[in-house]
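**Q** Mind folding the following:
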Amino acid sequence: MKLFILFICFLFLTGFSYVASSQKKLLRELDEAIQNEDEYTARKDIYIDELRKQLSDHSLTKDEQYVFYLNLAKVYETYRCDSTIAYVHKALDAAKNVGNKKWINDCMIQWARSEAKAGMLSKAGTILDEITLEELDKEQLIDFYMTYVQYCIFSIEYQDEYDINDLLKKKKNFQDTLLKIAAPQSFEYAYTLALYYTDQEQYEKAEKVLVEYLPNVRPNTKEMAKICSLLSYVYQLLNNTDKQKEYLIISAIADIKASVKENISLRELATILYKENDLVRANSYIKKSMEDANFYNARLRNIQISKVLPIINEAYQLNIDNQRYKLRVLLITVSLLSAILLTVIIIVVLQMKKLSTAKKSIEGVNIQLSNLNQELKAMNKKQAQTNKYLLESNNIKEFFISSFLEISMEYIEKHRAFKQFVYRKIKTEQVADVMKLVSKEDTEKEYKELYVNFDNVFLGIYPTFVEEFNDLLRPEERYSLTEEKLLNHELRVFALIKLGIKDTNRITSFLNYAPRTVYNYRSKVKNKALNPNEDFEEKVKNLCSDKNI
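**A** Numbers count the residues shown, from 1 in each chain. Sure, this is the predicted structure:
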């Protein structure tokens, strides 16, 4: 049972944390949208200017003028109330000049809706009553009833629920008619049905209708703002403050990005944040809401906001004053602590000065000991390196001596066998066989064997010679060993130089080359060097050895 209770508590805390994180993210998005509002407003103004430029074309017909006037009125509908009414009048005049009854009714409906949003409710009601329903087609009827429902809602808000029974009856009747003629999949149907369920206190049904229709609405549009605003109201009636706040934020973001200045979501959100004691945001949002209402120039919205603005602003100012008082107290406290700290620092400094004299002598001794220790370490390191390279030198000498003895024994054995062979051949007077044995071919074979033995012994002593030798040459001129792991002619010449044999005559004698050939090899390889001007042969001589020894 205890585990179950702990599990439930864990789920609750996890869910609460997720909701808080989600709301913080949405609030940051709203703040960013407010910060970038000028960009969205500029887009709206550019579009409006384009429509105005097209209107300045004198070749437009009366029909085309009407279309542009009505389009401008619709664009201004949620942007600037007075401009909407002005262009509706122009569109209405154009429609009357043409004598198009359908256009006249469209303008009358638009005019009534604009007057209602402006707070001129009596005038809006008069205009709506002048419209003859029998002259309207289905689309106009839907627009008419949606406008009349809005007119009723604004009137109820304006009268603050005083003497509103007739308005409530009219609103319900028009909603019933709307639900009969509007397409079930349309925005008008979903919005009206949710509003109807809300009025009937069937809040779960209203929520279901709005949540199911929400995916059909494009984000950051006035339709999205209206749907989310109504959904937040439903959650308010369901006492779900988190959801109410969430959808108010989404609605406010949509209002700002769609440049909708006729809005209520930001005002309602400011009220909630005020109750949550988030006074900085509440004050910022209510002022932004007032700026939008002034820009839109709607009397009803100004009245509504003016009731809330002083309360939030006063709380914000009180909070600022309280913070200033706390800051003054904090500054005084910090000043006192700073004075105490300064006294302590002075005492500590005086004590440290006393200790400084004693430390200096100790530090002097420590420095001397440290220097001696470093010198001793350096000497030990040098001794270790010397021992290491002496050991390597002894190994090289042992390898060289064993190789030399092995080669000498091999040549002594060959010489003994040769003497016996010659002796037998001379004794039996087989001189031709002796002459054949001492031919030039055998001499060349001896040289080849000598080179193979030299290469093997040399590479055994200096296995990295070719790799280090290549580091002195340009990349494209570097050598590689033969398949038999033997040196080529040039490498063999410089192998002798590495051994200290720099005299050309000695090299020619050992390798059986012409002096000119040896000279050409040396010059050719030097020209391949990375730095031809430096003493190349001296660098070769220092290969495969540690310069620090």
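**Q** ok, residue 155 touching residue 121?
**A** Yes - Residue 155 lies in contact with residue 121 (CB atoms under 8 Å); the separation is 5.1 Å. For the C-beta atoms, the positions are set from N, CA and C on the backbone; glycine is no exception.
**Q** How many neighbouring residues does residue 146 have?
**A** 20 (other CB atoms under 10 Å).
**Q** measure it to residue 210 for me?
**A** For residue 146, the distance to residue 210 (CB to CB, to the nearest Å) stands at 16 Å.
**Q** Residue 280 now?
**A** From residue 280 to residue 210 the distance is 31 Å (CB to CB).
**Q** which of those two has more neighbours?
**A** Higher neighbour count among residue 280 and residue 210: residue 210, with 26 against 11, using other CB under 10 Å.
**Q** Would you mind measuring from the more buried one to residue 189?
**A** For residue 210, the distance to residue 189 - CB to CB - is 12 Å.
**Q** Same question for residue 366.
**A** 91 Å.
**Q** who's more crowded, those two?
**A** More neighbours surround residue 189 than the other of residue 366 and residue 189, with 19 against 11 (other CB under 10 Å).
**Q** Return the residues in contact with the more buried one.
**A** Residue 189 is in contact with 178, 179, 182, 183, counting by CB atoms under 8 Å, 6 or more residues apart in numbering.
**Q** As JSON lines, those residues with distance to residue 349, neighbour count and pLDDT would be great.
**A** Formatted as JSON lines, the contacts of residue 189 follow (distance: CB to CB, whole Å; neighbours: other CB atoms under 10 Å; pLDDT from 0 to 100):
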{"residue": "178", "distance to residue 349": "85", "neighbour count": "23", "pLDDT": "90"}
{"residue": "179", "distance to residue 349": "86", "neighbour count": "15", "pLDDT": "90"}
{"residue": "182", "distance to residue 349": "85", "neighbour count": "21", "pLDDT": "91"}
{"residue": "183", "distance to residue 349": "86", "neighbour count": "10", "pLDDT": "92"}
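**Q** closest to residue 201 among the residues you listed?
**A** Nearest to residue 201, judged by CB to CB, of the contacts of residue 189 is residue 179 at 17.4 Å.
**Q** pretty sure the closest one contacts residue 195?
**A** No - using CB under 8 Å, residue 179 makes no contact with residue 195, being 10.1 Å away.
**Q** what separates the closest residue to residue 188 other than its chain neighbours from residue 189, distance-wise?
**A** Leaving aside its sequence neighbours, residue 188 sits nearest to residue 182 (CB to CB, 6 or more residues apart in numbering; 4.7 Å). Residue 182 is 4 Å from residue 189, where distance means CB to CB.
**Q** cool, and residue 50?
**A** Applying CB to CB to residue 50 and residue 189 gives a distance of 33 Å.
**Q** can you list the weak-confidence ranges in the stretch 251-400 of the chain?
**A** 298-326, 328-329, 358, 361-362, 364-365, 369, 376, 380, 383-400 (pLDDT under 70).
**Q** ok, now the stretch 1-150 of the chain?
**A** The low-confidence ranges in the stretch 1-150 of the chain, as defined by pLDDT under 70, are 1-20.
**Q** 50 instead?
**A** Within the stretch 1-150 of the chain, the stretches with pLDDT under 50 are 1-17.
**Q** mind listing the helices for it?
**A** Shown for the stretch 1-150 of the chain, the helices assigned by DSSP state H, counting those that start in this stretch span residues 2-35, 37-55, 62-76, 81-98, 101-117, 121-130, 138-159.
**Q** Let me have those in CSV, extended by distance to residue 248.
**A** Output for the helices of the stretch 1-150 of the chain, formatted as CSV (distance: least, CB to CB, whole Å):
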stretch, distance to residue 248
helix 2-35, 10
helix 37-55, 18
helix 62-76, 25
helix 81-98, 23
helix 101-117, 20
helix 121-130, 25
helix 138-159, 17
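**Q** Which one of those lies nearest to residue 253?
**A** helix 2-35 (5.2 Å).
**Q** What about residue 445, how many residues nearby?
**A** By other CB under 10 Å, neighbour count at residue 445 equals 11.
**Q** helices or strands next to the helix or strand containing it in the packing?
**A** Taking DSSP states H and E as the criterion, residue 445 maps to helix 440-461. Where contact means 3 or more CB pairs under 8 Å, 6 or more residues apart in numbering; DSSP states H and E, helix 440-461 is packed against helix 299-427, helix 465-470, helix 489-498.
**Q** how many degrees apart are the next helix or strand after the last one and helix 489-498 in direction?
**A** Translated: helix 489-498. Using DSSP H and E, the helix or strand that follows helix 489-498 in sequence is helix 504-511. Per axes from the mean of the first three to the mean of the last three CA atoms, to 10 degrees, the angle that helix 504-511 makes with helix 489-498 is 120 degrees.
**Q** so helix 504-511 versus helix 440-461, what angle?
**A** 110 degrees.
**Q** which helices and strands sit right next to helix 504-511?
**A** helix 489-498, helix 515-527.
**Q** Buried deepest among those, which one?
**A** helix 489-498 (a mean of 20; mean count of other CB atoms under 10 Å).
**Q** Can you list the neighbours in contact with that one?
**A** Helix 489-498 has contacts (CB under 8 Å, 6+ apart) with 451, 454-455, 458, 462, 465-466, 469, 479, 487, 506-507, 510-511, 513, 518, 521-522, 524-525, 537, 540-541, 543-544.
**Q** what about stretch 164-177, average pLDDT?
**A** Averaged across stretch 164-177, the pLDDT comes to 86.
**Q** Of all the residues in it, which ones are buried?
**A** 164, 167, 170, 171, 174, 175, 177 (16 or more other CB atoms under 10 Å).
**Q** same deal with stretch 495-512?
**A** Buried, per 16+ other CB under 10 Å, within stretch 495-512: 495, 496, 497, 498, 507, 508, 510, 511.
**Q** Identify the residue spatially nearest to residue 480, adjacent ones excluded.
**A** Residue 480 sits nearest to residue 466 (CB to CB, 6+ apart), 7.5 Å away.
**Q** what's the pLDDT at that neighbour?
**A** 87.
**Q** And for residue 497?
**A** 87.
**Q** what separates it from residue 540, distance-wise?
**A** Where residue 540 is concerned, residue 497 sits at a distance of 5 Å (CB to CB).
**Q** Just the ones of the buried residues of stretch 164-177 in helices?
**A** 167, 170, 171, 174, 175, 177 (DSSP state H).
**Q** Can you give me the neighbour number for residue 27?
**A** That count, for residue 27 with other CB under 10 Å as the rule, works out to 19.
**Q** give me the element the closest residue to it other than its chain neighbours is part of.
**A** Leaving aside its sequence neighbours, residue 27 sits nearest to residue 249 (CB to CB, 6+ apart; 6.3 Å). Element membership for residue 249, per DSSP H and E: helix 241-257.
**Q** Check which helices and strands the following helix or strand past that helix sits against.
**A** The first helix or strand that comes after helix 241-257 along the chain, using DSSP H and E, is helix 265-275. Packing contacts for helix 265-275, counted by 3+ CB pairs under 8 Å, 6+ apart, involve helix 222-237, helix 241-257, helix 279-296, helix 299-427.
**Q** Need the contact partners of the shortest one.
**A** Going back to what we said before, that points to helix 222-237. Contacts for helix 222-237 (CB under 8 Å, 6+ apart): 78, 187, 190-191, 194-195, 198, 201, 203, 206-207, 210-211, 213-214, 217-218, 241, 243-248, 250-252, 254-255, 258, 260, 263-265, 268.
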